[in-house]
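1. Predicted model and sequence follow; I will ask about them next.
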Amino acid sequence: LVPPGRFRMGSPADEPGRSRDEDETQHEVTLTRPFYLSKFETTVGQFRRFVEETGYKTDIERNGGGNAHD
């Protein structure tokens with residue numbers, strides 16, 4: 001469990017590899033609630049099991065969207 005706290009989000013203007021197309025301006029962020037953070041990435045299979053077992057739907061799915069276009 002990661003406790004609430006403050007951190008700077010974004011990257012310095014002189015950071016190597018910083019995107020020039022995206023706004024990465026540094027700003028202070030305050031987390032107001034604790035949250036869980038995994039040591040490892042969630043796999044597609046793990047997420048699929050979570051969705052199947054909980055019936056989880058995204059906001060888009062609940063509102064009739066969720067179609068992808070190529």
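-> Thanks, I have it.
2. Name the surrounding residues that touch the longest helix seen in the chain.
-> The residue-count maximum for a helix in the chain (DSSP state H) belongs to helix 44-54. By CB atoms under 8 Å, 6 or more residues apart in numbering, the surrounding residues in contact with helix 44-54 are Tyr56. Placement of C-beta: from N, CA and C, glycine included.
3. Figure out how far that helix is from the centre of its chain.
-> 17 Å (CA atoms, centre = their mean, to the nearest Å).
4. Export that helix to CSV, keeping only CA atoms.
-> Provided in CSV are the C-alpha atoms of helix 44-54 (Å, rounded to 0.1, in the frame of the first residue of the first chain):
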residue,chain,number,x,y,z
VAL,A,44,-3.6,-9.4,-20.5
GLY,A,45,-4.6,-12.8,-19.1
GLN,A,46,-4.7,-11.4,-15.5
PHE,A,47,-6.8,-8.4,-16.6
ARG,A,48,-9.1,-10.7,-18.6
ARG,A,49,-9.7,-12.9,-15.5
PHE,A,50,-10.4,-9.8,-13.5
VAL,A,51,-13.0,-8.6,-16.0
GLU,A,52,-14.7,-12.0,-16.2
GLU,A,53,-14.8,-12.5,-12.5
THR,A,54,-16.0,-9.0,-11.6
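5. Show me what whichever helix or strand comes after it is packed against.
-> Using DSSP states H and E, the helix or strand that follows helix 44-54 towards the C-terminus is helix 59-62. Helices and strands touching helix 59-62, as assessed by 3 or more CB pairs under 8 Å, 6 or more residues apart in numbering; DSSP states H and E, are absent.
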